[in-house]
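Peer 1: what would the 3D arrangement of this be:
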Amino acid sequence: MKSFRIDKVVGVEQGFKSEVDLRGEISNTEQNDARLKAYIPTNPAVRALEEIGKALAPNWAQRSRFITGQYGSGKSHLGLVIANLFKLPAEAKSLKTLITRLEMKDEGAARAFIQARWQGNIKKPFLIVFPDPQRENFNMALLAALEKALKLEDIEYEFRTYFQEAVAQLDELVKDPELERRLVTELNQHKMSMAMLRTNLEKFRHEDYRIFEDIVLNATKMKFVPSAHATAGPVFLEATKQVRNVGLSGILVIIDEFGRHLTNLASNMQSSEALAVQDFAEICNNSRENQIHFIAIAHKTLADYASGVVDIDDWKKVAGRFTEHNLYYAQGQ
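Peer 2: Purely as a prediction, here's the structure:
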């Protein structure tokens, strides 16, 4: 029997990989371009782009979206595509093959997105924010990612949160030798130095903020009461105004592997995490001309995360804030 090599029969396009690292690959020009060139759009994906394009209208009231699909359906790859479409100009060389393929799959839907993105009032790029899905605290993941995105684009904007206020308060307290001694004594119980606490506060670490609250209360006998924002939504609204002032169109937030947050959310609908997700989605939906687009990506549908865990009517408070795009069984479409 004559032998043959399968790689002579079946080819894999350059840029194809089984997994997509959104944050890592978009910052690597070579990997990013290869990914865009390798993308094979499906009908559900192009239709999702058409719907996302509609939300670029200044007064559109639904900008929080949920992309779901089984392993291999291309949902993370679509996330990378969306990030590039929001970031790059229409004439970008790396988008040429991608746009051609989108038009070949569904010309009407592709052209509707292209017109909304580059032929209307929203022609300028967006600031792209990739929150770390591994961070347990949703608000802190958003704030840390926003700060990183602003720095990467050299946008000078120092937003105030209770973390920055905590650092400022710490710097003020250590000016008093006696208070500094008390604070150090308290920190020793946590096996932490003053420098370590300061660094962790600057990284928006929620658990270290709680340590800060405790040591300040014990050392000064007074509770620290911040005046800055405690949640990400208002900070993003202010940041969007600033990025528009420097010539951008708004902010796009994409978080992959969002299922972890939804699982925790479904287990306790009254938790601060549940409220944080709902509040941020609602702020994005109502962002109007100060556009904030929020795209969450996960393997299961929104209904799947609620099934057998939470009352369906309660779950609608969360699900109702998202437009869901299902890529299930999309291969070959």
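Peer 1: give me the next element, helix or strand, following the strand ranked longest in the chain.
Peer 2: In the chain, assigned by DSSP state E, the strand with the most residues is strand 291-298. Counting by DSSP states H and E, the next helix or strand C-terminal to strand 291-298 is helix 302-306.
Peer 1: packing partners for that next one?
Peer 2: When contacts are defined as 3 or more C-beta pairs under 8 Å, 6 or more residues apart in numbering; DSSP states H and E, helix 302-306 packs onto helix 259-267, helix 312-319. No exception for glycine: its C-beta is placed from N, CA and C like everyone else's.
Peer 1: avg pLDDT for that helix?
Peer 2: Helix 302-306 carries an average pLDDT of 90.
Peer 1: highest mean neighbour count out of the helices and strands packed on helix 302-306?
Peer 2: helix 259-267 (a mean of 18; mean count of other C-beta atoms under 10 Å).
Peer 1: off-centre distance for that one?
Peer 2: Centroid separation between helix 259-267 and its chain, computed with C-alpha atoms, centre = their mean, to the nearest Å, is 16 Å.
Peer 1: so which of the helices and strands packed on helix 302-306 gets nearest H77?
Peer 2: H77 sits nearest to helix 259-267 of all the helices and strands packed on helix 302-306, at 17.2 Å, using C-beta to C-beta.
Peer 1: report all helices and strands that that closest one contacts.
Peer 2: Counting by 3+ C-beta pairs under 8 Å, 6+ apart, helix 259-267 packs on helix 272-285, strand 291-298, helix 302-306, helix 312-319.
Peer 1: 10 Å - rerun?
Peer 2: helix 138-152, helix 272-285, strand 291-298, helix 302-306, helix 312-319 (3 or more C-beta pairs under 10 Å, 6 or more residues apart in numbering; DSSP states H and E).
Peer 1: average pLDDT for it?
Peer 2: What helix 259-267 shows for mean pLDDT is 87.
Peer 1: just the pLDDT at E25, thanks.
Peer 2: Note for E25: predicted pLDDT of 83.
Peer 1: what's around it, how many residues?
Peer 2: Using other C-beta atoms under 10 Å, E25 has 22 other residues around it.
Peer 1: that one contacts N32, doesn't it?
Peer 2: Yes - using C-beta atoms under 10 Å, E25 is in contact with N32, at 5.4 Å.
Peer 1: just give the number of residues close to Y71.
Peer 2: By other C-beta under 10 Å, 9 other residues sit near Y71.
Peer 1: strand partners of the longest strand of the chain, parallel vs antiparallel please.
Peer 2: Looking at strand 291-298 with DSSP bridges, its partner strands are strand 64-68 (parallel), strand 250-255 (parallel).
Peer 1: check the offset of the last one from the chain's centre.
Peer 2: So the one you mean is strand 250-255. Distance, stretch centre to chain centre, for strand 250-255: 5 Å (C-alpha atoms, centre = their mean).
Peer 1: now do it and helix 138-152, the angle between them.
Peer 2: Computed by axes from the mean of the first three to the mean of the last three C-alpha atoms, to 10 degrees, the angle separating strand 250-255 from helix 138-152 equals 130 degrees.
Peer 1: output the contacting helices and strands for the lowest-mean-pLDDT helix or strand in the chain.
Peer 2: When the helices and strands of the chain are scored by mean pLDDT, DSSP states H and E, helix 22-26 comes last with a mean of 81. The contact analysis (3+ C-beta pairs under 10 Å, 6+ apart) places helix 22-26 against helix 29-38, helix 75-87, strand 127-129, helix 138-152, strand 250-255.
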